[in-house]
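[1] sequence below, structure please.
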Amino acid sequence: MTRDKEMQIIRRVLDGHINDFEALVLDNQKKVYNLALKMTKNTEDAYDISQEAFIKAYNALKNFRGDSSFGVWIYRLTSNLCIDFLRREKKRKTSPLVYINDSNTEQEIEISDVSYEPEALYEKAEIRQAISDGLEKLPEDHRQVLILRELGGLSYAEIAETLNLEIGTVKSRIFRARSNLVKYLSAQGNFFCKASSKEKKGE
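    A predicted model of the protein is given here:
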């Protein structure tokens with residue numbers, strides 16, 4: 001669907017022809033679901049997030065400025081919903097320990113993973129916050145492709161198809177996004193960062 005066609009539909013929906021929104025759903029639902037599935041690794045969660053993304057898009061349609069295509073816009077909404085979902089679903093890792101109780105039978109207790117000790121949690125939280133801040137410093141088009149690649153797990157070809165870009169453009173943006181993120185993190189002094197050989201080559 002062309003950008004002009006999308007804007008025509010959006011204007012009609014905003015004018016009260018709400019059933020026309022279905023055309024935008026049908027045009028984007030497969031890509032939205034596939035992204036959610038790649039990020040959540042669960043079909044039911046992917047379906048729920050897809051539905052939530054379109055509901056959120058519909059409710060916020062009046063805020064759509066047309067700076068990008070509707071497909072790119074809802075893809076961004078979906079990726080943000082997936083990130084929030086994964087943060088909520090992250091559970092405490094535990095390791096079982098079997099011992100013999102007073103009744104002379106085996107019983108399991110759970111010992112928290114040491115990675116969840118207060119000091120380790122603080123360090124992880126600090127790193128996550130630094131990365132989050134670094135992502136926000138990136139240009140929107142760079143941040144978008146990096147999220148789709150690193151969090152969404154999409155291939156270069158899938159990102160190119162989704163955003164209607166050339167694969168070379170996708171690779172270039174990801175390379176520059178990684179490089180700028182590394183520079184930001186290093187400048188903050190939180191921890192030492194060094195781009196891998198693949199990043200240096202833009203692979």
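[2] what's the domain layout of the protein?
    Split into domains by automatic domain parsing, the chain comes to 1-90, 114-203.
[3] distance from the first one to the middle of the chain?
    Averaging C-alpha positions (CA atoms, centre = their mean, to the nearest Å) puts domain 1-90 14 Å from its chain's average.
[4] and for stretch 172-183?
    Counting by CA atoms, centre = their mean, stretch 172-183 comes out at 17 Å from the chain centroid.
[5] which stretches in the chain count as strands?
    Ranges of strands in the chain, per DSSP state E, are 94-100, 106-112.
[6] related to what we said a few turns ago, in TSV, list the domains of the chain along with mean pLDDT and mean neighbour count.
    (C-beta placed from N, C-alpha, C; glycine too.) Listed next are the domains of the chain as TSV, based on pLDDT from 0 to 100; neighbours: other CB atoms under 10 Å:
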stretch	mean pLDDT	mean neighbour count
domain 1-90	87	16
domain 114-203	71	15
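[7] counting contacts, what elements does the lengthiest helix in the chain pack onto?
    Longest helix in the chain by number of residues, with DSSP state H as the criterion: helix 167-188. Applying 3 or more CB pairs under 8 Å, 6 or more residues apart in numbering; DSSP states H and E, one finds that helix 167-188 makes contact with helix 118-137, helix 140-150, helix 156-163, helix 197-201.
[8] where among the strands of the chain is average confidence lowest?
    With a mean of 42, strand 94-100 has the lowest mean pLDDT of these.
[9] re the thing from before, send me the longest helix of the chain as PDB with only the CA atoms.
    Extracted in PDB, the C-alpha atoms of helix 167-188 (Å, rounded to 0.1, in the frame of the first residue of the first chain):
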ATOM      1  CA  ILE A 167      19.700  -4.300   2.300                       C
ATOM      2  CA  GLY A 168      22.800  -2.100   1.900                       C
ATOM      3  CA  THR A 169      21.000   0.800   3.600                       C
ATOM      4  CA  VAL A 170      19.900  -1.500   6.500                       C
ATOM      5  CA  LYS A 171      23.500  -2.700   7.000                       C
ATOM      6  CA  SER A 172      24.900   0.800   6.900                       C
ATOM      7  CA  ARG A 173      22.400   2.100   9.400                       C
ATOM      8  CA  ILE A 174      23.000  -0.800  11.800                       C
ATOM      9  CA  PHE A 175      26.700  -0.400  11.600                       C
ATOM     10  CA  ARG A 176      26.500   3.300  12.300                       C
ATOM     11  CA  ALA A 177      23.900   2.700  15.100                       C
ATOM     12  CA  ARG A 178      26.200   0.100  16.800                       C
ATOM     13  CA  SER A 179      29.300   2.400  16.400                       C
ATOM     14  CA  ASN A 180      27.500   5.400  17.900                       C
ATOM     15  CA  LEU A 181      26.000   3.300  20.700                       C
ATOM     16  CA  VAL A 182      29.500   2.000  21.600                       C
ATOM     17  CA  LYS A 183      30.900   5.500  21.600                       C
ATOM     18  CA  TYR A 184      28.200   6.700  23.800                       C
ATOM     19  CA  LEU A 185      28.600   3.900  26.400                       C
ATOM     20  CA  SER A 186      32.400   4.300  26.400                       C
ATOM     21  CA  ALA A 187      32.100   8.000  26.900                       C
ATOM     22  CA  GLN A 188      29.800   7.500  29.900                       C
END
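[10] fine, thanks again, bye for now.
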